[in-house]
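1. Need a 3D model of the sequence below.
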Amino acid sequence: MSDSVWLRDIDGTGSLHPCSKDDPGAIEYVPAHPEDLKTFYVHHNGASWFVKSEEFFASQGGHEEEWGKSWEPIKASNLTTAREVAQRLNAQ
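-> This is a model prediction of the structure:
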């Protein structure tokens, strides 16, 4: 038995709702325990999404430098999920 849940943005607001894995735009979500979630920082330059772990973002000065203000924190279990969530939440 899988812990996966399939979600998609059904109304264009970025709010994810349960759906069938065969629905267009469905993404797989594996619920994590809150203590398993990590902070990632995401940035979209108009063409691509970039994701950095909290540790790497901080080591580059992202919390202090001006460029860091354009990066958004996302809680996720891994880098790939952080990118997928950011893409869905910011879909136009």
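
2. For the rest of this, base every contact and every neighbour count on C-alpha atoms.
-> Will do.

3. For residue 27, the count of nearby residues, please.
-> Counted with other C-alpha atoms under 10 Å, the neighbours of residue 27 add up to 23.

4. For this structure, just list every one of the helices.
-> Ranges of helices within the chain are 54-59, 79-89, based on DSSP state H.

5. Which of the ones you listed sits closest to residue 8?
-> Residue 8 lies closest to helix 79-89 among the helices of the chain, at 8.3 Å (C-alpha to C-alpha).

6. Please spell out which residues along the closest one are buried.
-> By neighbour count on 16 or more other C-alpha atoms under 10 Å, the buried set for helix 79-89 is 79, 81-88.

7. neighbouring contacts of it?
-> 9, 13-15, 40, 42, 49-53, 74-76 (C-alpha atoms under 8 Å, 6 or more residues apart in numbering).

8. Pull that helix out as PDB, backbone CA atoms only.
-> C-alpha atoms of helix 79-89 as PDB (Å, rounded to 0.1, in the frame of the first residue of the first chain):
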ATOM      1  CA  LEU A  79      14.500  19.300  -3.500                       C
ATOM      2  CA  THR A  80      12.400  17.800  -6.300                       C
ATOM      3  CA  THR A  81       9.200  18.200  -4.300                       C
ATOM      4  CA  ALA A  82      10.100  21.800  -3.400                       C
ATOM      5  CA  ARG A  83      10.500  22.600  -7.200                       C
ATOM      6  CA  GLU A  84       7.100  21.000  -8.000                       C
ATOM      7  CA  VAL A  85       5.300  22.800  -5.200                       C
ATOM      8  CA  ALA A  86       6.800  26.100  -6.300                       C
ATOM      9  CA  GLN A  87       5.800  25.500  -9.900                       C
ATOM     10  CA  ARG A  88       2.200  24.700  -9.000                       C
ATOM     11  CA  LEU A  89       1.800  27.500  -6.600                       C
END
